[in-house]
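Colleague: any chance you could fold what I've pasted below:
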Amino acid sequence: MDLARTEVAPGKGRTKALKGGAARLGLIAVPVAFFALFFAYPVAAIVARGLKVDGVWQFGRLWDVLGQSDIRHVLWFTTWQALASTALTLLLALPGAYVFARFDFPGKQVLRAVVTVPFVLPTVVVGTAFLALVGRGGLLDELWGVRLDTTVWAILLAHVFFNYAVVVRTVGGLWSQLDPRQEEAARMLGASPLKAWRQVTLPALAPAVAAAALMVFLFTFTSFGVVQILGGPTFSTLEVEIYRQTSEIFDLSTAAVLTIIQFLAVACILAVHAWTVRRRESALRLVDASVTARRPRGAGQWALLAGVLAVIVVLLLLPLAVLVQRSLDAPDFGYYRALTSSDGGVFLVAPIEAIGNSLQYAVVATLIAVLIGGLAAAALTRRDAGRFVRGFDALLMLPLGVSAVTVGFGFLIALDEPPLDLRSTWILVPLAQALVGVPFVVRTMLPVLRAVDQRLREAASVLGASPWRVWREVDLPMVRRALLIAAGFAFAVSLGEFGATVFIARPDNPTLPVAVARLLGRAGELNYGQAMALSTVLMVVCAVALLVLERLRTDRTGEF
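Modeller: As a prediction, this is how the structure comes out:
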């Protein structure tokens with residue numbers, strides 16, 4: 001009897017392993033195919049188009065491009081402004097992270113959602129908001145005659161505006177779960193408040209601070225819409241230069257070289273980011289965030305809270321308020337009413353149709369992103385995931401950093417022949433938007449899926465449930481709310497995608513960000529006012545989506 005058991009057990013183990021491997025491959029197959037067809041293939045196509053001459057790779061072009069002084073200046077400015085933006089964001093946002101983590105005050109959850117609104121706003125709207133604040137005829141120009149547009153300060157402040165929430169929610173999310181009694185114990189042993197924070201809290205926060213800094217650096221290193229609008233012809237990042245070389249100069253070889261450089265830089269940043277995230281997940285003992293927050297005590301803490309609120313009002317809310325005010329400058333909502341007509345100059349249709357186009361595209365993109373991201377997150381949750389699956393986790397983040405301009409132009413080049421002749425179809429826009437939405441779906445769902453007790457899945461499997469039924473009856477009820485949040489984030493970022501859709505959105509079906517950029521690109525007060533009105537509409541939609549997501553959240557850890 002014992003011998004029979006010993007002979008059967010290995011067979012059952014091998015069968016279980018084979019089933020687990022098949023399930024894992026089944027889950028990962030669709031996301032891999034999606035990224036291969038709609039990310040890797042278009043990027044590779046545009047690189048090959050730029051570096052291949054008569055079927056021969058011209059790698060010497062790499063050194064030719066890097067030898068140009070103007071390209072070296074672009075590389076230097078891209079890196080410099082990303083470092084400066086990251087440092088300034090950390091300086092202004094870390095106090096906010098502490099306030100949201102440790103203080104309890106009225107309106108905190110609403111304010112948390114408000115702080116997150118800039119992050120999901122399209123970069124073209126961020127640029128428009130700051131243009132209304134610091135540009136020609138803006139608030140600062142009217143009050144004090146100060147203009148910051150076409151200066152590096154406008155770019156840096158806009159990047160802080162955009163990335164403030166990254167630091168507050170990533171660092172603050174961990175900070176709220178650190179046990180404050182550890183720091184209190186150090187102070188009881190004679191350490192000063194600064195020394196206790198430096199030796200106890202700061203080492204625990206270091207991985208989260210590093211992860212937030214790397215993400216801010218990544219977003220500012222690949223900045224496009226903000227620099228395009230606020231930098232003018234004076235400043236150019238890699239992303240802006242790729243767009244210029246592709247669409248204005250038509251020098252695909254230079255654009256291909258810049259794409260390779262950006263790809264390598266982003267890959268290094270994401271590799272370091274993945275390492276910091278693993279450290280944050282494995283090295284700490286955390287407590288419930290709900291027990292660590294308390295009302296401010298003493299003049300110092302109230303002053304800190306007031307200072308953080310002042311920064312939020314001036315840096316985050318004021319640009320959005322000026323944007324709304326500029327959209328209402330014309331009497332009787334004139335700029336909004338003008339959106340309903342077309343003069344045939346900027347658009348083939350009335351600008352207001354961009355709202356419906358964007359909503360339809362974003363809904364389809366959200367469905368795609370939830371499907372692809374959900375399957376990827378389910379595969380990454382499995383404890384027996386191999387190196388290939390873990391490596392795919394890092395690859396999922398690449399669309400956030402690799403040139404969206406390259407992806408968009410690559411769509412036009414690569415997807416123009418059967419069986420993937422999609423260039424004349426509407427589906428190109430949702431596909432490009434879904435590429436940006438998938439990482440948010442994965443990052444939102446993965447922590448929740450990993451928190452599901454593995455023994456529940458194993459028990460369901462032992463009782464004969466198929467992998468699909470295990471997912472439907474064990475995982476789905478526990479992650480349904482996270483799935484809705486992931487869908488909301490995917491919808492918001494899809495709605496605002498600009499870098500790729502600027503190439504592939506058809507003139508008779510423009511999206512909101514593309515419509516705003518085209519209006520800003522034409523002279524005239526009416527065009528400027530309509531751009532402000534469309535930007536306001538887009539901002540309101542994103543803000544409503546974020547407020548709904550905040551109500552859906554079951555935890556208050558601050559993670560996206």
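Colleague: could you dump stretch 307-314 to PDB, C-alpha only?
Modeller: Backbone C-alpha positions of stretch 307-314 (Å, rounded to 0.1, in the frame of the first residue of the first chain) are rendered in PDB as follows:
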ATOM      1  CA  GLY A 307       2.400  74.500   4.100                       C
ATOM      2  CA  VAL A 308       1.500  71.300   2.200                       C
ATOM      3  CA  LEU A 309      -2.000  72.600   1.500                       C
ATOM      4  CA  ALA A 310      -0.500  75.900   0.200                       C
ATOM      5  CA  VAL A 311       1.800  74.000  -2.200                       C
ATOM      6  CA  ILE A 312      -1.200  71.900  -3.400                       C
ATOM      7  CA  VAL A 313      -3.300  75.100  -4.000                       C
ATOM      8  CA  VAL A 314      -0.600  77.100  -5.800                       C
END
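Colleague: buried stuff in it?
Modeller: Of the residues in stretch 307-314, those buried under the neighbour-count criterion (16 or more other C-beta atoms under 10 Å) are Val308, Leu309, Val311, Ile312. Using the backbone N, CA and C atoms, a C-beta is placed for each residue, glycine as well.
Colleague: as TSV, the residues you listed with pLDDT and secondary structure would be great.
Modeller: Shown next, in TSV, are those (pLDDT from 0 to 100; DSSP: H, G, I helix; E, B strand; the rest coil):
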residue	pLDDT	secondary structure
Val308	93	helix
Leu309	93	helix
Val311	93	helix
Ile312	92	helix
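Colleague: would CSV of the residues you listed with distance to Phe250 be doable?
Modeller: Converted to CSV, these look like this (distance: C-beta to C-beta, whole Å):
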residue, distance to Phe250
Val308, 48
Leu309, 49
Val311, 44
Ile312, 44
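Colleague: need the residue closest to the centroid of this structure.
Modeller: Among the residues of the chain, the one closest to the centroid is Leu400, at 6.1 Å (C-alpha atoms, centre = their mean).
Colleague: show me the contacts for it.
Modeller: Under the criterion of C-beta atoms under 8 Å, 6 or more residues apart in numbering, the contact partners of Leu400 comprise Leu218, Phe219, Thr222, Val436, Pro439.
Colleague: packing partners of the helix or strand where the first one lies?
Modeller: According to DSSP states H and E, Leu218 maps onto helix 202-221. Taking 3 or more C-beta pairs under 8 Å, 6 or more residues apart in numbering; DSSP states H and E as contact, the helices and strands that helix 202-221 lies on are helix 69-102, helix 152-175, helix 252-282, helix 398-401.
Colleague: nearest to Arg326, out of these?
Modeller: Nearest of the helices and strands packed on helix 202-221 to Arg326, taken as C-beta to C-beta: helix 152-175 at 16.0 Å.
Colleague: which strands and helices lie in contact with that closest one?
Modeller: Using 3+ C-beta pairs under 8 Å, 6+ apart as the contact test, the elements touching helix 152-175 are helix 69-102, helix 108-120, helix 123-134, helix 202-221, helix 225-230.
Colleague: and the spatially closest residue to Ala213 that is not a sequence neighbour, how many neighbours?
Modeller: For Ala213, ignoring the flanking residues on the chain, the nearest one in space by C-beta to C-beta, 6 or more residues apart in numbering is Thr86 at 5.4 Å. Neighbour count for Thr86, taken as other C-beta atoms under 10 Å: 24.
Colleague: ok, Thr86 - contacts?
Modeller: Contact criterion C-beta under 8 Å, 6+ apart gives Ala213, Val216, Phe217, Thr220 as the residues in contact with Thr86.
Colleague: now those residues: which count as buried?
Modeller: By 16+ other C-beta under 10 Å, the contacts of Thr86 give Ala213, Val216, Phe217, Thr220 as buried.
Colleague: surely the last one touches Gln81?
Modeller: Right, the one you point to is Thr220. Yes. Proximity of Thr220 to Gln81 meets the contact threshold set by C-beta atoms under 8 Å, at 6.7 Å.
Colleague: so what sits against both of those two?
Modeller: Residues within reach of Thr220 and of Gln81 at once, by C-beta under 8 Å, 6+ apart, are His159.
Colleague: roughly how far does the nearest residue to Leu415 once chain neighbours are set aside sit from Ser403?
Modeller: The spatially closest residue to Leu415, leaving aside those adjacent along the chain, is Leu422, at 4.4 Å (C-beta to C-beta, 6+ apart). Relative to Ser403, Leu422 is positioned 20 Å away (criterion: C-beta to C-beta, to the nearest Å).
Colleague: picking that back up, now, among the buried residues of stretch 307-314, which is nearest to Phe35?
Modeller: Out of the buried residues of stretch 307-314, the member with the shortest distance to Phe35 (by C-beta to C-beta) is Ile312, at 36.8 Å.
Colleague: gap between Leu156 and Thr128?
Modeller: Going from Leu156 to Thr128 by C-beta to C-beta gives 17 Å.
Colleague: these two: who's more crowded?
Modeller: When neighbours are counted by other C-beta under 10 Å, Leu156 and Thr128 differ, and Thr128 comes out ahead with 34 against 20.
Colleague: pretty sure that one is touching Ser535, no?
Modeller: Yes. Contact status for Thr128 versus Ser535: in contact at 4.6 Å, counting by C-beta under 8 Å.
Colleague: what about the strands in the stretch 301-450 of the chain?
Modeller: In order along the chain, the stretch 301-450 of the chain carries the following strands (DSSP state E, counting those that start in this stretch): 416-417, 420-421.
Colleague: residue contacts, Met539?
Modeller: Listed by C-beta under 8 Å, 6+ apart, the contact set of Met539 reads Val117, Leu121, Val125, Ala129, Leu320, Leu323, Val324.
Colleague: ok, how many other residues are close to the closest residue to the first one other than its chain neighbours?
Modeller: Meaning Val117. For Val117, the nearest residue in space outside its immediate sequence neighbours is Ala543; the separation is 4.9 Å by C-beta to C-beta, 6+ apart. The tally of other residues near Ala543 (other C-beta under 10 Å) stands at 19.
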